[in-house]
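K.L.:
Sequence first, predicted model second:
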Amino acid sequence: MEMDRAIIPGLLTVGAGLLTAWYFNREQRRKDQESIRRLEEQTASLEAEIRSLKAAVGEHKLKEKEASDGDAQLKELSERLKKLGEQKKRVMKIGTRDSELAMWQAKHVNAMLKRLGLETEIVGMKTMGDIDLKSALSTFSNKGIFTKELDAALLLKKVHIAVHSMKDLPTTLEDGLFLGAVLERGAIEDALVISAKHKNNKPITSLDTLPTGSLVGTSALRRRAVLRRHYPGLQVDDVRGNLQTRLAKLDNPKLKFDALILARTGLERVNLGDRISEVLDSKRFGYAVSQGALAVVCRTADGLSREVLSKLNHAPTYLRTAAERSLLKTLEGGCKVPIAVTSDYDKKTGTMRLKGWVVALDGSREAVAELTSTEISGTLEHATEKAVKLGQAVGEELRKRGAKEILVECRGMPMGHQAPKKAS
């Protein structure tokens, strides 16, 4: 018992020490927690200040960007107003061939430019193809027989723009010239026009009803070749001149033409659609590269004309003709070779189909190829690049299928074609 009593004071001392330690540790923890809380508050306050500073910096940058964009927009607007002023001061001269159809085309472009508020003047002229009406188109040694004089007028700055039937336009333009616009395509098909001497003969209304030996006139090798392939009983001969001249030859009894094959759109544009006896099925006959489309060319360095023409451009037609012309260029073709095409384009899906075929002049055989691309979309530049590649691919496929050999033969064959005599 005495020993236990001696231990108790020691135990009390240890207990007091533990209690004291516990108390001071609790106080320290409370102080530490308070410090942590204050630090958290300070951190939150600093984060709020940082966010505020970031917002202020962002707002400042935005204002700087807006000011910069505003300056750029003002500069662009100023440039546009300056160009507009220059355009309105300038009388835009429109070069064209002086035939009735070519004048219709130029007046069509003229009306579009007038709607843009521009002053215009039409300048008509004759080309080599208009002057030499005796030679067959296939005998001309150079390309651009309907465009050379207009090209020269552009390069010499006698006119600002030139309007062409696009099927007459070479696949490669002269240096310094630029394809500024392709207008919305008209009718693409060929049309049969039967001589007035058959007007009272009701059964004769189509190629199928023309008697064996009938003489059909055309200046296009493509049409001749297709006629010989599908209608070997008909005679085919060359007929040159503008639309009215060719129709006069058809109606001249001394020349003995029974019918002509002409571009449907040309007849309709000069109000001669009533002369059409039959519209030929394009799926069977095809049509010329770029047929029905109008091209407007300017100088590459003429920024004012290029900006104006960009407003006239019809993108779907531009892309279809780009593919067709690429095919023609791949085959090194022109008015001297019988190349036919058909194409269609769905802008929504970016899908273009292109078919081409080359027919032997005697109609004995043909090479046919058709491909589809689903990549004709995006910017005009990108879509054009893809359309050109499609044309190249179809052209190469035609080469593999015998087009090259047919074209080589075509360049050395006579143009006339004699068929059995007309049935009595």
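P.N.:
Right, received. Where do you want to start? Quick caveat, the model's predicted, so the values are computed rather than measured. Numbering: from 1, shown residues only.
K.L.:
which ones are touching Val297?
P.N.:
With contact taken as CB atoms under 8 Å, 6 or more residues apart in numbering, Val297 is in contact with Leu150, Asp151, Leu154, Ile161, Ala162, His164, Leu169, Leu173, Leu177, Phe178, Leu179, Gly180. Using the backbone N, CA and C atoms, a C-beta is placed for each residue, glycine as well.
K.L.:
Let me see the contact set for Arg228.
P.N.:
For Arg228, the residues meeting the contact criterion (CB under 8 Å, 6+ apart) are Val236, Val359, Leu361, Asp362, Gly363, His417.
K.L.:
The fourth one: what secondary structure?
P.N.:
What that stands for is Asp362. With DSSP: H, G, I helix; E, B strand; the rest coil as the basis, Asp362 sits in coil.
K.L.:
Relative to Arg222, how far out is the closest residue to it other than its chain neighbours?
P.N.:
Closest residue to Asp362 apart from its sequence neighbours, by CB to CB, 6 or more residues apart in numbering: Arg228 at 5.9 Å. Computed with CB to CB, to the nearest Å, the distance linking Arg228 and Arg222 is 11 Å.
K.L.:
try Asn110
P.N.:
31 Å.
K.L.:
Over to Thr120?
P.N.:
Using CB to CB, we find Thr120 at a distance of 35 Å from Arg222.
K.L.:
the more surrounded of the two?
P.N.:
Shown here are Thr120 and Arg222; by other CB atoms under 10 Å, Arg222 has more neighbours (27 against 20).
K.L.:
which ones are touching the more buried one?
P.N.:
Neighbouring residues of Arg222 by CB under 8 Å, 6+ apart: Gly286, Ala288, Pro338, Ile339, Ala340, Val359.
K.L.:
which of those residues are buried?
P.N.:
Burial by neighbour count, judged by 16 or more other CB atoms under 10 Å, picks out Gly286, Ala288, Pro338, Ile339, Ala340, Val359 from these.
K.L.:
ok, back up a step: from the contacts of Val297, which land in strands?
P.N.:
Of these, the ones assigned to strands by DSSP state E are Ile161, Ala162, His164, Leu177, Phe178, Leu179, Gly180.
K.L.:
Widest-spaced pair of those?
P.N.:
Among the ones in strands among the contacts of Val297, the pair separated by the greatest distance (CB to CB) is His164 and Phe178, at 13.1 Å.
K.L.:
More neighbours: which of those two?
P.N.:
Regarding His164 and Phe178, a neighbour count based on other CB under 10 Å identifies His164 as having more, with 26 against 17.
K.L.:
give me the element the nearest residue to the more buried one once chain neighbours are set aside is part of.
P.N.:
On the basis of CB to CB, 6+ apart, the spatially nearest residue to His164 that is not a chain neighbour turns out to be Ala295, at 4.7 Å. Taking DSSP states H and E as the criterion, the element that holds Ala295 is strand 294-299.
K.L.:
ranges for the strands of the stretch 251-400 of the chain?
P.N.:
Listed in chain order, the strands of the stretch 251-400 of the chain (DSSP state E, counting those that start in this stretch) span residues 259-263, 278-279, 294-299, 339-346, 351-359, 366-373.
K.L.:
so which of the ones you listed gets nearest Ala248?
P.N.:
With distances scored as CB to CB, the stretch of the strands of the stretch 251-400 of the chain nearest to Ala248 is strand 259-263 (10.8 Å).
K.L.:
Can you give the distance of the closest one from its chain's centre?
P.N.:
Shown here is strand 259-263, whose average C-alpha point lies 27 Å from the average C-alpha point of the whole chain (CA atoms, centre = their mean, to the nearest Å).
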